[in-house]
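A.B. asks: One predicted model, sequence on top.
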Amino acid sequence: MPTDVPGHRVTYRFILLAELEDFVTLRRSVGVSRARLVIDDVVARLVAALPLVRADRSGQAALELSFECESSNEGVAIAERMRAIIAEPFDLDGETYHLSLRIGGIGAPMFDSDELQLIEAAEQALADAREIGSDVVRDLANPSAGDDPVQLMRELPEAIAAGQIFLQYQPKVRVRQQEVVSAEALVRWRHPVRGLILPGMFIEAAERSGAIGILTLWIIERVIADQRALAAQGHDIPIFINISGILLSDGGFVHDACALVSAGGAKIGFEITETAVIRDPESAIANLRMFAAIGVPLAIDDYGAGLSSLAYLKRLPASELKIDKLFVTQLTSSNRDPLIVRSTIDLAHALDMEVTAEGVETPAALALLSVMGCDMVQGFLISRPIEFAAFLSFLAEERHVAAMAGPRLSFRRNEGQWKVG
Ligand code: C2E
Ligand code: CA
Ligand code: CA
């Protein structure tokens, strides 16, 4: 693997593939022939602003860019600069249009770059970028940059400051009334080299390194702001935040979290696992009572997946129990899981808690959970986790109704249209 030799510059070669997002909408709006020319305007603007970049169109809505620079970080910075350059409005026949680029790219040290390998890696990066909805620019010489948890934790404080950490929201829906009653905030990291990193890749490392406290306080602040914005739009539902067990016995964190929530004037809930409580029950339970006392509802997360103790379950000031998705995704294909889910629902109700099933992916699972008396559901069937703006439209358009009605609703609609027509 190539390394930096002191005194010698490693020159990087980059190939970026970029495509115009929303090209179809643009074509509808300006017409086929004008839209075809748009990509030429994009190329001209990029070349004018970045003379060292070679740019060619590679399709109606796509272009290929290549350049040399000194390091992989510089290449990532140039890709970001391209985005910004294209984000400036375009004037098309007197009308103003906003365009945006989706970029997938690859860089490698000059002496180590095989053209075919670079192009194929760039194509893969663009495919990944499309899938995750975020640019991906990789370093071929260091493919695991971003995989190393120690390295990731070094980068975390800066990533928070640079706006790379963001939240997605996933609704929880009450089965009987068919209304969205709350949402869960899930953290993500838009890493400049690695692309989108899911929490499974960095939460554990953040717990080990101690960065989880700062991260969670940042999340609480963000959620408070977002919940207030939701309420202002007429959707005053609580948003639940996942709190790592390790923080439940951290006096400093509990103090800061209580202060934020009390001052924030927003409806915030916490999700915690039982395993977290079992580790240090006395201080965890005392702190959970403190949260409950300032009006933070608590949900027990991942029920059934880890250690369980009825003795602790009874002592927790929780109002909601979430059945782990492990049991829910298998619900209609296993003999044992329906029994476990059914008895968990009964147990929670006996303890005066409401039950949420997470991981609801199919209409069949929803139907069975409804018959079993499950109070709330959450899962891909209703919505994947989505960014705040998309979540607002989801609520405004009440999209959960169609999602829960499934194919039957569209059938009825067709029937109605048939009669009217
Ligand atoms: P979790 O709290 O159990 O969150 C639910 C996970 O299930 C999420 O994964 C979500 O995207 C996924 N999921 C939702 N609906 C479905 C479905 O229908 N089917 C399937 N198969 N999966 C579904 P994600 O976002 O990758 O989060 C993983 C875990 O990371 C979370 O599990 C939670 O334990 C942790 N996490 C997420 N955000 C935070 C955070 O802000 N702080 C802390 N401490 N942990 C977090
Ligand atoms: Ca959770
Ligand atoms: Ca869970």
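C.D. replies: All right, it came through fine. Ligands and ions are numbered 1, 2, ... in the order given.
A.B. asks: what about the stretch 1-150 of the chain, any weak spots by pLDDT?
C.D. replies: 1-10, 131-134, 143-150 (pLDDT under 70).
A.B. asks: All the strands of it, residue numbers only.
C.D. replies: 12-20, 54-57, 62-69, 90-92, 95-97, 101-109, 136-139 (DSSP state E, counting those that start in this stretch).
A.B. asks: and ligand 1, which of those strands is closest to it?
C.D. replies: Counting by Cβ to the nearest ligand atom, ligand 1 lies closest to strand 136-139 out of those; the figure is 17.8 Å. For the C-beta atoms, the positions are set from N, CA and C on the backbone; glycine is no exception.
A.B. asks: Contacts only, for Ile197.
C.D. replies: Contacts for Ile197 were tallied using Cβ atoms under 8 Å, 6 or more residues apart in numbering; they are 146, 152, 188-191.
A.B. asks: circling back to that earlier point, take the strands of the stretch 1-150 of the chain and write them to TSV, including mean neighbour count and distance to Leu37.
C.D. replies: Listed next are the strands of the stretch 1-150 of the chain as TSV, based on neighbours: other Cβ atoms under 10 Å; distance: least, Cβ to Cβ, whole Å:
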stretch	mean neighbour count	distance to Leu37
strand 12-20	23	12
strand 54-57	16	10
strand 62-69	19	13
strand 90-92	14	9
strand 95-97	11	12
strand 101-109	25	17
strand 136-139	25	27
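A.B. asks: Export these as TSV, with columns for distance to ligand 1.
C.D. replies: Putting the strands of the stretch 1-150 of the chain into TSV (distance: least, Cβ to the nearest ligand atom, whole Å) gives the following:
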stretch	distance to ligand 1
strand 12-20	26
strand 54-57	36
strand 62-69	30
strand 90-92	36
strand 95-97	34
strand 101-109	22
strand 136-139	18
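A.B. asks: Let's have those in CSV, adding distance to Phe291.
C.D. replies: Listed next are the strands of the stretch 1-150 of the chain as CSV, based on distance: least, Cβ to Cβ, whole Å:
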stretch, distance to Phe291
strand 12-20, 46
strand 54-57, 54
strand 62-69, 49
strand 90-92, 50
strand 95-97, 48
strand 101-109, 41
strand 136-139, 38
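A.B. asks: could you redo the ones you listed as TSV and give each row distance to ligand 2?
C.D. replies: Putting the strands of the stretch 1-150 of the chain into TSV (distance: least, Cβ to the ion, whole Å) gives the following:
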stretch	distance to ligand 2
strand 12-20	35
strand 54-57	44
strand 62-69	39
strand 90-92	42
strand 95-97	40
strand 101-109	30
strand 136-139	27
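A.B. asks: rewinding a little: of the contacts of Ile197, just the buried ones, PyMOL syntax please.
C.D. replies: Here is the PyMOL command that selects the buried residues among the contacts of Ile197 (16 or more other Cβ atoms under 10 Å):
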select buried, resi 146+152+188+189+190+191
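A.B. asks: Can you pull the residues of the protein lying near ligand 3?
C.D. replies: Along the chain, the residues adjacent to ligand 3 under the rule Cβ under 5 Å from the ion are 301-302.
A.B. asks: Now look at the lengthiest strand in the chain and say if it contacts ligand 1.
C.D. replies: With secondary structure taken from DSSP state E, the chain has its longest strand at strand 179-191. Yes: judged by Cβ under 6 Å from any ligand atom, strand 179-191 and ligand 1 are in contact via 186-187.
A.B. asks: elements contacting that strand?
C.D. replies: helix 149-161, strand 165-174, strand 195-197, helix 212-232, strand 239-242, strand 376-378 (3 or more Cβ pairs under 8 Å, 6 or more residues apart in numbering; DSSP states H and E).
A.B. asks: mind putting the ones you listed in TSV, distance to Glu397 included?
C.D. replies: Shown next, in TSV, are the helices and strands packed on strand 179-191 (distance: least, Cβ to Cβ, whole Å):
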stretch	distance to Glu397
helix 149-161	32
strand 165-174	12
strand 195-197	25
helix 212-232	15
strand 239-242	19
strand 376-378	19
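A.B. asks: Which among those is found nearest to ligand 2?
C.D. replies: Closest approach to ligand 2 among these (Cβ to the ion): strand 239-242, 4.6 Å.
A.B. asks: how much space between the spatially most central residue of the chain and Val254?
C.D. replies: Centroid-nearest residue in the chain: Gln168, 4.2 Å away (criterion: Cα atoms, centre = their mean). In this view, Gln168 and Val254 are 26 Å apart by Cβ to Cβ, to the nearest Å.
A.B. asks: Next: Ala183.
C.D. replies: Note on Ala183: its distance to Val254, by Cβ to Cβ, is 23 Å.
A.B. asks: Tell me which of these two has more neighbours.
C.D. replies: Ala183 (30 against 20; other Cβ atoms under 10 Å).
A.B. asks: just to revisit the earlier point, look up the closest residue to the residue nearest to the centre of the chain, ignoring the ones flanking it.
C.D. replies: The shortest distance from Gln168 to any non-neighbouring residue, by Cβ to Cβ, 6 or more residues apart in numbering, is to Pro385 (3.7 Å).
A.B. asks: hey, least reliable of the helices and strands packed on strand 179-191 by pLDDT?
C.D. replies: Comparing mean pLDDT across the helices and strands packed on strand 179-191, the lowest value falls on strand 195-197: a mean of 79.
A.B. asks: Pairing partners for that one, with directions?
C.D. replies: Using DSSP bridges, strand 195-197 pairs in its sheet with strand 179-191 (antiparallel).
A.B. asks: hang on, the earlier thing: ok, which of the helices and strands packed on strand 179-191 comes nearest Ala390?
C.D. replies: Ala390 lies closest to strand 165-174 among those, at 8.4 Å (Cβ to Cβ).
A.B. asks: Give the buried residues for that closest one.
C.D. replies: Buried, per 16+ other Cβ under 10 Å, within strand 165-174: 165, 167-174.
A.B. asks: Using a markdown table, please lay out these together with distance to Gly359.
C.D. replies: Compiled in a markdown table, the buried residues of strand 165-174 are given as follows (distance: Cβ to Cβ, whole Å):
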| residue | distance to Gly359 |
| --- | --- |
| Ile165 | 25 |
| Leu167 | 20 |
| Gln168 | 16 |
| Tyr169 | 17 |
| Gln170 | 11 |
| Pro171 | 14 |
| Lys172 | 12 |
| Val173 | 14 |
| Arg174 | 17 |
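A.B. asks: Understood, closing this out.
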